[in-house]
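Engineer: I need the structure of the sequence given here:
(one chain, ligands or ions: 2)
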Amino acid sequence: MPENSFQSKATADYLFRNNTPDPLLSGPALPTFKFALEASAGRVDSGSFGKEATVEQLPISKGIAGVSMRLEPGVTRELHWHATAAEWAMVLAGRCRTTLVDPHGNSETDDFEPGDVWYFPRGHAHSIECLGDEPVHFILIFDNGYFSEFGTFSITDWLGHVPKELLAKNFGLPADAFVGIPAGEVYFTHGPRPPASPMPPLQGAGHTCATRHKYRLLAEEPHSVHNGGREWRLGADKFPISQTMTGVVLDLEPGALRELHWHPTSDEWQYVVSGDVSVTMFGSHGRFRTESLSGGDVGYIPQGYGHSIENVGATTARMLIAFNTGAYAAIDLSQWIAGNPAYLLADHFGKPPEFFDGLPKQDVFIAPGSPGLTKP
Ligand code: MN
Ligand code: MN
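Structural biologist: Ligands and ions are numbered 1, 2, ... in the order given. Have a look, this model is predicted:
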(Lines give C-alpha, C1' and ligand atoms only; values in the text may rest on other atoms or scores of the structure.)
(Ligands and ions follow the chains in the order given, each with its own letter.)
Protein backbone atom coordinates (compact mmCIF):
# COMPACT_ATOMS: atom_id res chain seq x y z
CA MET A 1 0.00 0.00 0.00
CA PRO A 2 1.51 3.35 -0.96
CA GLU A 3 1.90 5.81 1.85
CA ASN A 4 1.00 9.40 1.12
CA SER A 5 1.05 12.66 3.00
CA PHE A 6 -2.64 12.46 3.84
CA GLN A 7 -2.26 9.26 5.79
CA SER A 8 -0.62 8.94 9.21
CA LYS A 9 2.04 6.29 9.68
CA ALA A 10 -0.20 4.57 12.21
CA THR A 11 -3.06 4.42 9.74
CA ALA A 12 -0.76 3.14 7.02
CA ASP A 13 0.53 0.41 9.33
CA TYR A 14 -2.98 -0.56 10.35
CA LEU A 15 -4.20 -0.86 6.78
CA PHE A 16 -1.02 -2.66 5.81
CA ARG A 17 -1.44 -5.16 8.62
CA ASN A 18 -5.05 -5.89 7.83
CA ASN A 19 -4.64 -6.33 4.10
CA THR A 20 -1.19 -7.78 3.61
CA PRO A 21 1.33 -9.20 6.06
CA ASP A 22 3.10 -6.78 8.37
CA PRO A 23 6.84 -7.24 7.69
CA LEU A 24 7.49 -7.39 11.42
CA LEU A 25 5.04 -10.29 11.77
CA SER A 26 5.76 -12.18 8.54
CA GLY A 27 9.27 -13.49 9.22
CA PRO A 28 10.17 -17.08 10.06
CA ALA A 29 10.05 -16.35 13.81
CA LEU A 30 7.81 -14.17 15.92
CA PRO A 31 9.40 -10.99 17.32
CA THR A 32 9.58 -10.37 21.05
CA PHE A 33 6.33 -9.23 22.61
CA LYS A 34 7.78 -8.22 26.01
CA PHE A 35 9.19 -4.94 27.34
CA ALA A 36 10.44 -4.31 30.89
CA LEU A 37 8.58 -1.01 31.33
CA GLU A 38 9.23 -0.23 35.00
CA ALA A 39 12.92 -1.16 34.61
CA SER A 40 13.30 1.41 31.81
CA ALA A 41 14.69 4.89 32.41
CA GLY A 42 11.86 7.05 31.06
CA ARG A 43 11.53 10.77 31.74
CA VAL A 44 12.53 11.59 35.32
CA ASP A 45 11.95 14.79 37.30
CA SER A 46 13.24 14.07 40.84
CA GLY A 47 10.66 11.63 42.25
CA SER A 48 8.21 11.98 39.35
CA PHE A 49 8.54 10.00 36.13
CA GLY A 50 6.88 8.92 32.90
CA LYS A 51 8.05 5.64 31.29
CA GLU A 52 6.79 4.76 27.83
CA ALA A 53 6.12 1.53 25.97
CA THR A 54 5.52 2.60 22.36
CA VAL A 55 6.64 1.20 18.99
CA GLU A 56 10.04 2.70 19.85
CA GLN A 57 10.53 0.40 22.84
CA LEU A 58 8.31 -2.52 21.73
CA PRO A 59 8.03 -2.54 17.90
CA ILE A 60 5.21 -5.11 17.82
CA SER A 61 2.91 -2.79 19.81
CA LYS A 62 1.59 -0.78 16.87
CA GLY A 63 -2.01 -0.68 18.01
CA ILE A 64 -1.64 0.22 21.69
CA ALA A 65 0.95 2.10 23.76
CA GLY A 66 1.32 2.52 27.50
CA VAL A 67 2.91 4.79 30.06
CA SER A 68 3.72 4.25 33.73
CA MET A 69 3.54 7.63 35.47
CA ARG A 70 4.35 8.65 39.02
CA LEU A 71 3.69 12.17 40.32
CA GLU A 72 5.01 13.46 43.63
CA PRO A 73 2.83 15.67 45.86
CA GLY A 74 2.50 19.13 44.31
CA VAL A 75 3.37 17.86 40.81
CA THR A 76 0.96 18.03 37.86
CA ARG A 77 1.21 16.48 34.41
CA GLU A 78 0.56 19.74 32.61
CA LEU A 79 -2.41 20.68 30.40
CA HIS A 80 -2.10 18.72 27.12
CA TRP A 81 -3.88 16.68 24.49
CA HIS A 82 -3.07 13.68 22.31
CA ALA A 83 -3.59 14.29 18.60
CA THR A 84 -3.42 10.63 17.66
CA ALA A 85 -4.89 8.62 20.53
CA ALA A 86 -7.53 8.30 23.22
CA GLU A 87 -6.26 7.80 26.79
CA TRP A 88 -7.44 5.06 29.19
CA ALA A 89 -5.95 4.94 32.68
CA MET A 90 -6.12 3.15 36.01
CA VAL A 91 -4.68 4.37 39.31
CA LEU A 92 -2.49 1.79 41.09
CA ALA A 93 -1.47 3.79 44.19
CA GLY A 94 -2.13 7.23 45.65
CA ARG A 95 -4.72 9.76 44.52
CA CYS A 96 -5.00 12.24 41.67
CA ARG A 97 -7.35 14.75 40.08
CA THR A 98 -8.03 15.22 36.39
CA THR A 99 -9.59 18.21 34.67
CA LEU A 100 -10.90 17.61 31.15
CA VAL A 101 -12.23 20.12 28.61
CA ASP A 102 -14.25 18.77 25.70
CA PRO A 103 -14.98 20.28 22.26
CA HIS A 104 -18.31 21.65 23.54
CA GLY A 105 -16.50 23.85 26.08
CA ASN A 106 -17.61 21.69 28.98
CA SER A 107 -15.18 20.77 31.73
CA GLU A 108 -15.15 17.90 34.19
CA THR A 109 -13.00 17.51 37.29
CA ASP A 110 -12.74 14.10 38.95
CA ASP A 111 -10.74 12.72 41.88
CA PHE A 112 -9.32 9.18 41.58
CA GLU A 113 -8.20 6.48 43.98
CA PRO A 114 -6.58 3.07 43.33
CA GLY A 115 -8.79 0.94 41.08
CA ASP A 116 -10.48 3.95 39.46
CA VAL A 117 -10.40 4.38 35.68
CA TRP A 118 -10.58 7.37 33.33
CA TYR A 119 -11.07 7.63 29.58
CA PHE A 120 -10.36 10.77 27.55
CA PRO A 121 -11.36 10.71 23.87
CA ARG A 122 -8.74 11.46 21.26
CA GLY A 123 -7.76 15.13 21.25
CA HIS A 124 -9.67 16.17 24.37
CA ALA A 125 -7.70 18.50 26.67
CA HIS A 126 -6.69 17.29 30.12
CA SER A 127 -4.27 17.51 33.06
CA ILE A 128 -3.47 15.24 36.03
CA GLU A 129 -2.63 16.53 39.53
CA CYS A 130 -1.24 14.49 42.41
CA LEU A 131 -3.55 14.79 45.44
CA GLY A 132 -2.56 14.61 49.10
CA ASP A 133 0.78 13.87 50.70
CA GLU A 134 1.62 10.60 48.94
CA PRO A 135 2.83 10.12 45.35
CA VAL A 136 0.32 8.82 42.82
CA HIS A 137 1.16 6.01 40.39
CA PHE A 138 -1.05 5.20 37.41
CA ILE A 139 -0.89 3.34 34.10
CA LEU A 140 -1.93 5.22 30.94
CA ILE A 141 -2.94 3.22 27.86
CA PHE A 142 -3.39 4.70 24.37
CA ASP A 143 -5.20 3.22 21.36
CA ASN A 144 -2.24 3.93 19.08
CA GLY A 145 1.30 2.58 19.43
CA TYR A 146 2.57 5.81 17.85
CA PHE A 147 0.77 8.10 20.32
CA SER A 148 3.87 9.77 21.73
CA GLU A 149 6.25 10.88 19.03
CA PHE A 150 4.78 14.05 17.51
CA GLY A 151 1.40 13.10 19.00
CA THR A 152 1.32 14.71 22.46
CA PHE A 153 0.75 18.45 22.61
CA SER A 154 1.54 20.39 25.82
CA ILE A 155 0.25 23.89 26.55
CA THR A 156 3.65 25.33 27.58
CA ASP A 157 5.34 23.87 24.48
CA TRP A 158 2.74 25.59 22.30
CA LEU A 159 2.48 28.96 24.00
CA GLY A 160 6.24 29.13 24.48
CA HIS A 161 6.58 29.17 20.70
CA VAL A 162 3.72 31.53 19.81
CA PRO A 163 4.78 35.21 19.38
CA LYS A 164 3.85 37.22 22.48
CA GLU A 165 1.97 39.76 20.32
CA LEU A 166 -0.24 36.98 19.01
CA LEU A 167 -1.01 35.75 22.53
CA ALA A 168 -1.77 39.31 23.62
CA LYS A 169 -4.22 39.78 20.76
CA ASN A 170 -5.76 36.36 21.45
CA PHE A 171 -6.56 37.28 25.07
CA GLY A 172 -7.08 41.04 24.66
CA LEU A 173 -4.19 41.97 26.93
CA PRO A 174 -1.20 44.35 26.56
CA ALA A 175 1.68 43.13 24.39
CA ASP A 176 4.03 42.56 27.34
CA ALA A 177 1.50 40.59 29.40
CA PHE A 178 3.00 37.22 28.47
CA VAL A 179 6.66 38.08 29.00
CA GLY A 180 8.16 35.53 31.40
CA ILE A 181 6.08 32.44 30.55
CA PRO A 182 8.15 29.27 29.92
CA ALA A 183 9.93 29.21 26.58
CA GLY A 184 9.50 25.45 26.16
CA GLU A 185 7.61 22.39 27.41
CA VAL A 186 7.38 22.10 31.21
CA TYR A 187 5.71 18.63 31.20
CA PHE A 188 5.64 18.30 35.03
CA THR A 189 4.58 21.49 36.85
CA HIS A 190 5.54 22.02 40.50
CA GLY A 191 3.42 23.93 43.01
CA PRO A 192 1.56 23.71 46.31
CA ARG A 193 -0.79 20.80 47.07
CA PRO A 194 -4.14 21.21 45.26
CA PRO A 195 -7.16 22.16 47.40
CA ALA A 196 -8.88 19.20 49.08
CA SER A 197 -12.04 19.75 47.04
CA PRO A 198 -12.08 20.67 43.34
CA MET A 199 -12.44 24.37 42.60
CA PRO A 200 -14.84 25.58 39.89
CA PRO A 201 -13.22 26.47 36.56
CA LEU A 202 -12.82 30.10 35.46
CA GLN A 203 -15.98 29.85 33.39
CA GLY A 204 -17.98 28.74 36.42
CA ALA A 205 -19.40 25.37 37.37
CA GLY A 206 -22.26 25.43 34.88
CA HIS A 207 -20.38 23.77 32.02
CA THR A 208 -20.34 20.08 32.93
CA CYS A 209 -19.90 17.17 30.55
CA ALA A 210 -22.93 15.02 29.77
CA THR A 211 -20.88 11.82 29.79
CA ARG A 212 -18.79 10.83 32.77
CA HIS A 213 -15.10 10.18 32.21
CA LYS A 214 -14.58 8.28 35.47
CA TYR A 215 -15.46 4.69 36.43
CA ARG A 216 -14.73 3.01 39.79
CA LEU A 217 -13.83 -0.39 38.34
CA LEU A 218 -12.32 -2.19 41.34
CA ALA A 219 -14.98 -0.78 43.67
CA GLU A 220 -17.48 -3.15 42.07
CA GLU A 221 -17.76 -6.93 42.00
CA PRO A 222 -15.73 -8.76 39.34
CA HIS A 223 -17.26 -9.35 35.92
CA SER A 224 -16.66 -13.08 36.39
CA VAL A 225 -15.28 -15.31 39.16
CA HIS A 226 -13.67 -18.69 38.51
CA ASN A 227 -11.95 -21.43 40.43
CA GLY A 228 -8.45 -20.04 39.90
CA GLY A 229 -9.08 -16.36 39.40
CA ARG A 230 -11.37 -13.46 38.61
CA GLU A 231 -11.77 -10.74 36.04
CA TRP A 232 -13.07 -7.18 36.10
CA ARG A 233 -13.98 -5.99 32.61
CA LEU A 234 -14.96 -2.49 31.50
CA GLY A 235 -16.11 -1.75 27.96
CA ALA A 236 -18.36 0.80 26.31
CA ASP A 237 -21.45 -1.11 27.46
CA LYS A 238 -20.85 -0.02 31.07
CA PHE A 239 -18.64 3.05 30.43
CA PRO A 240 -20.17 4.77 27.39
CA ILE A 241 -17.39 7.34 26.92
CA SER A 242 -14.91 4.49 26.32
CA GLN A 243 -15.90 3.85 22.71
CA THR A 244 -12.45 2.72 21.53
CA MET A 245 -11.06 0.78 24.48
CA THR A 246 -11.89 -2.02 26.91
CA GLY A 247 -9.95 -2.48 30.16
CA VAL A 248 -9.56 -5.64 32.21
CA VAL A 249 -8.07 -6.48 35.59
CA LEU A 250 -7.22 -10.19 35.67
CA ASP A 251 -6.25 -12.03 38.88
CA LEU A 252 -4.78 -15.51 38.50
CA GLU A 253 -4.10 -17.73 41.52
CA PRO A 254 -0.81 -19.67 41.55
CA GLY A 255 -0.83 -22.22 38.75
CA ALA A 256 -4.01 -20.87 37.18
CA LEU A 257 -4.29 -20.37 33.42
CA ARG A 258 -6.17 -17.84 31.31
CA GLU A 259 -6.87 -20.41 28.64
CA LEU A 260 -5.76 -20.41 25.01
CA HIS A 261 -7.84 -17.89 23.06
CA TRP A 262 -7.72 -15.03 20.56
CA HIS A 263 -9.41 -11.70 19.98
CA PRO A 264 -10.99 -11.32 16.52
CA THR A 265 -11.31 -7.54 16.62
CA SER A 266 -8.54 -6.06 18.76
CA ASP A 267 -4.94 -6.07 19.88
CA GLU A 268 -4.15 -6.79 23.54
CA TRP A 269 -1.78 -4.76 25.77
CA GLN A 270 -0.71 -6.33 29.07
CA TYR A 271 0.87 -4.83 32.20
CA VAL A 272 1.84 -7.06 35.12
CA VAL A 273 0.88 -5.29 38.34
CA SER A 274 2.26 -8.10 40.50
CA GLY A 275 3.35 -11.73 40.21
CA ASP A 276 5.07 -13.86 37.59
CA VAL A 277 3.34 -15.16 34.46
CA SER A 278 4.23 -17.12 31.35
CA VAL A 279 2.57 -15.77 28.21
CA THR A 280 2.45 -17.87 25.03
CA MET A 281 1.70 -16.59 21.53
CA PHE A 282 0.87 -18.50 18.35
CA GLY A 283 1.39 -16.71 15.04
CA SER A 284 0.43 -19.35 12.41
CA HIS A 285 2.93 -21.22 10.19
CA GLY A 286 4.25 -23.12 13.20
CA ARG A 287 5.42 -19.95 14.87
CA PHE A 288 5.09 -20.08 18.66
CA ARG A 289 6.80 -17.97 21.29
CA THR A 290 6.77 -17.82 25.08
CA GLU A 291 7.72 -14.81 27.23
CA SER A 292 8.14 -14.64 31.00
CA LEU A 293 6.64 -11.48 32.48
CA SER A 294 6.99 -10.20 36.03
CA GLY A 295 5.77 -7.14 37.93
CA GLY A 296 6.32 -3.99 35.85
CA ASP A 297 6.67 -5.81 32.52
CA VAL A 298 4.52 -5.19 29.45
CA GLY A 299 3.29 -7.77 26.91
CA TYR A 300 1.53 -7.36 23.58
CA ILE A 301 -0.61 -9.69 21.46
CA PRO A 302 -1.58 -8.56 17.92
CA GLN A 303 -5.18 -8.85 16.78
CA GLY A 304 -6.15 -12.43 16.01
CA TYR A 305 -3.02 -14.08 17.44
CA GLY A 306 -3.53 -17.09 19.75
CA HIS A 307 -2.30 -16.70 23.31
CA SER A 308 -2.53 -17.81 26.95
CA ILE A 309 -1.44 -16.48 30.35
CA GLU A 310 -0.29 -18.80 33.16
CA ASN A 311 0.61 -17.83 36.71
CA VAL A 312 3.98 -19.53 37.26
CA GLY A 313 4.72 -17.75 40.56
CA ALA A 314 3.90 -18.53 44.18
CA THR A 315 1.54 -15.58 44.72
CA THR A 316 -1.60 -14.27 43.04
CA ALA A 317 -0.73 -12.54 39.77
CA ARG A 318 -2.60 -9.36 38.84
CA MET A 319 -2.59 -8.02 35.29
CA LEU A 320 -3.97 -4.84 33.79
CA ILE A 321 -5.03 -5.62 30.21
CA ALA A 322 -6.40 -3.29 27.55
CA PHE A 323 -7.97 -3.84 24.14
CA ASN A 324 -8.30 -1.25 21.38
CA THR A 325 -12.04 -1.76 21.02
CA GLY A 326 -14.99 -0.67 23.12
CA ALA A 327 -16.69 -4.01 22.38
CA TYR A 328 -14.62 -6.89 23.79
CA ALA A 329 -14.62 -10.09 21.74
CA ALA A 330 -12.75 -13.38 22.22
CA ILE A 331 -12.93 -17.01 21.18
CA ASP A 332 -11.65 -19.37 23.87
CA LEU A 333 -10.23 -22.77 22.89
CA SER A 334 -12.56 -24.73 25.19
CA GLN A 335 -15.61 -23.04 23.69
CA TRP A 336 -14.32 -23.51 20.15
CA ILE A 337 -13.91 -27.23 20.76
CA ALA A 338 -17.28 -27.54 22.54
CA GLY A 339 -18.99 -25.86 19.60
CA ASN A 340 -18.08 -28.71 17.24
CA PRO A 341 -19.40 -32.29 16.95
CA ALA A 342 -17.26 -35.14 18.27
CA TYR A 343 -16.89 -36.97 14.92
CA LEU A 344 -15.42 -33.86 13.29
CA LEU A 345 -12.95 -33.34 16.11
CA ALA A 346 -11.99 -37.03 16.08
CA ASP A 347 -10.66 -36.80 12.54
CA HIS A 348 -8.47 -33.83 13.44
CA PHE A 349 -6.76 -35.31 16.47
CA GLY A 350 -6.63 -39.05 15.72
CA LYS A 351 -8.77 -39.75 18.78
CA PRO A 352 -12.04 -41.69 19.02
CA PRO A 353 -15.20 -39.57 19.35
CA GLU A 354 -15.59 -40.74 22.96
CA PHE A 355 -12.35 -38.92 23.87
CA PHE A 356 -14.15 -35.62 23.48
CA ASP A 357 -16.80 -36.54 26.05
CA GLY A 358 -14.17 -35.77 28.66
CA LEU A 359 -13.63 -32.19 27.49
CA PRO A 360 -15.49 -29.17 28.89
CA LYS A 361 -18.92 -28.49 27.39
CA GLN A 362 -18.73 -24.78 28.13
CA ASP A 363 -16.21 -21.95 28.22
CA VAL A 364 -13.41 -22.52 30.76
CA PHE A 365 -11.91 -19.00 30.58
CA ILE A 366 -9.68 -19.54 33.65
CA ALA A 367 -8.42 -23.05 34.46
CA PRO A 368 -7.33 -23.63 38.07
CA GLY A 369 -3.81 -24.59 39.06
CA SER A 370 -4.89 -27.97 40.37
CA PRO A 371 -7.64 -29.18 38.03
CA GLY A 372 -8.06 -32.43 39.96
CA LEU A 373 -9.53 -30.46 42.87
CA THR A 374 -12.34 -29.06 40.75
CA LYS A 375 -13.87 -32.37 39.62
CA PRO A 376 -17.10 -33.20 41.43
MN1 MN B 1 -2.62 12.48 28.56
MN1 MN C 1 -6.44 -12.22 25.55
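Engineer: any idea how far Ala53 is from the nearest residue to Pro194 once chain neighbours are set aside?
Structural biologist: Here the nearest residue to Pro194 in space, its sequence neighbours aside, is Glu129; by C-beta to C-beta, 6 or more residues apart in numbering that works out to 5.0 Å. (Each C-beta comes from the backbone N, C-alpha and C, glycine too.) Distance from Glu129 to Ala53, counting by C-beta to C-beta, to the nearest Å: 24 Å.
Engineer: and what of Arg258?
Structural biologist: Arg258 is 21 Å from Ala53, where distance means C-beta to C-beta.
Engineer: go on, Ser292?
Structural biologist: Distance of Ser292 to Ala53, computed by C-beta to C-beta: 17 Å.
Engineer: Ile366 now?
Structural biologist: 26 Å.
Engineer: higher neighbour count, the two?
Structural biologist: Neighbour count, other C-beta atoms under 10 Å: between Ile366 and Ala53, Ala53 has more, with 29 against 24.
Engineer: so who does that one touch?
Structural biologist: By C-beta atoms under 8 Å, 6 or more residues apart in numbering, the contact set of Ala53 is 35, 37, 40, 61, 65-67, 298.
Engineer: again, only using 7 Å
Structural biologist: By C-beta atoms under 7 Å, 6 or more residues apart in numbering, the residues touching Ala53 are 35, 37, 61, 65-66, 298.
Engineer: Can you pull the phi and psi angles for Leu333?
Structural biologist: Dihedral pair for Leu333: phi -60, psi -40, per degrees, to the nearest 10.
Engineer: Correct me if wrong: it contacts Leu260.
Structural biologist: Yes: assessed by C-beta atoms under 7 Å, Leu333 is found in contact with Leu260 at 4.0 Å.
Engineer: List the buried residues in stretch 57-76.
Structural biologist: Using 16 or more other C-beta atoms under 10 Å as the test for burial, stretch 57-76 gives 57-58, 60-73, 75-76.
Engineer: And stretch 230-240, by the same measure?
Structural biologist: Neighbour-count burial for stretch 230-240 [16+ other C-beta under 10 Å]: 230-236, 239.
Engineer: what sits against Glu253?
Structural biologist: Glu253 neighbours (C-beta under 7 Å, 6+ apart): 228-229, 311, 316, 369.
Engineer: Now it. Nearest residue, chain neighbours left out?
Structural biologist: Gly228 is the one closest to Glu253 (C-beta to C-beta, 6+ apart), at 5.2 Å.
Engineer: Counting neighbours, what do you get for that neighbour?
Structural biologist: 24.
Engineer: Tell me the pLDDT of it.
Structural biologist: pLDDT for Gly228: 97.
Engineer: which residues touch stretch 281-295?
Structural biologist: Contacts to stretch 281-295, defined as C-beta under 7 Å, 6+ apart, come from residues 25, 29-30, 32-34, 272-280, 299, 301, 305-307.
Engineer: And for stretch 99-110?
Structural biologist: 97-98, 118, 120, 124-127, 198, 201, 207-209, 213-214.
Engineer: Can you give me the end-to-end span of it?
Structural biologist: 7 Å (C-alpha to C-alpha, to the nearest Å).
Engineer: what does stretch 282-298 give?
Structural biologist: Taking C-alpha to C-alpha, the first and last residues of stretch 282-298 lie 18 Å apart.
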